[in-house]
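# here's my sequence, what's the structure:
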Amino acid sequence: MSEAAWTPSEKKRDLVFTLTMIFSGIYLLWRMFFTIPWAVGFFQGAVGLLLVLAELTITMGMFELMASKMKGRENPLSLS
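Residues are numbered from 1 along each chain as shown. A predicted model of the protein is given here:
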């Protein structure tokens with residue numbers, strides 16, 4: 001989609017998507033560096049790391065879907 005064809009609602013959607021990506025990235029950095037309980041024990045730290053990896057995987061999938069929506073492409077996961 002060219003920039004000239006954007007409607008106000010598309011600009012608002014893209015702004016919300018961009019802000020969501022930025023804040024999700026900040027959250028993931030905070031999770032990785034400040035919330036994994038390494039001092040409590042190895043098992044707790046390993047499980048905390050697995051949780052962060054799961055959150056990272058989910059967030060990267062969300063980023064991919066948002067980026068494709070911002071580019072105006074159809075959802076690649078559609079069932080039709």
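# longest helix anywhere in this structure?
Counting residues, the longest helix found in the chain (DSSP state H) is helix 42-70.
# from Glu10, how far off is the nearest residue to Lys69 once chain neighbours are set aside?
In this structure, Lys69 finds its nearest non-sequential neighbour in Phe17, 6.9 Å apart by Cβ to Cβ, 6 or more residues apart in numbering. In short, each C-beta sits where N, CA and C put it, glycine included. Phe17 sits 10 Å away from Glu10, going by Cβ to Cβ, to the nearest Å.
# sketch out the low-pLDDT regions of the protein for me.
The model of the chain has pLDDT under 70 over residues 1-6, 73-80.
# repeat the analysis, applying 80 as the threshold.
Scanning the chain with the threshold set as pLDDT under 80 gives 1-8, 70, 72-80.
# list the buried ones in stretch 14-30?
Residues 14, 17, 21, 24 are the ones in stretch 14-30 that count as buried (16 or more other Cβ atoms under 10 Å).
# format those residues as CSV; extra columns: distance to Phe34 and secondary structure.
Compiled in CSV, the buried residues of stretch 14-30 are given as follows (distance: Cβ to Cβ, whole Å; DSSP: H, G, I helix; E, B strand; the rest coil):
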residue, distance to Phe34, secondary structure
Asp14, 30, helix
Phe17, 26, helix
Met21, 20, helix
Ser24, 16, helix
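# include distance to Gly48 when you put these into a markdown table, please.
Formatted as a markdown table, the buried residues of stretch 14-30 follow (distance: Cβ to Cβ, whole Å):
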| residue | distance to Gly48 |
| --- | --- |
| Asp14 | 34 |
| Phe17 | 29 |
| Met21 | 24 |
| Ser24 | 18 |
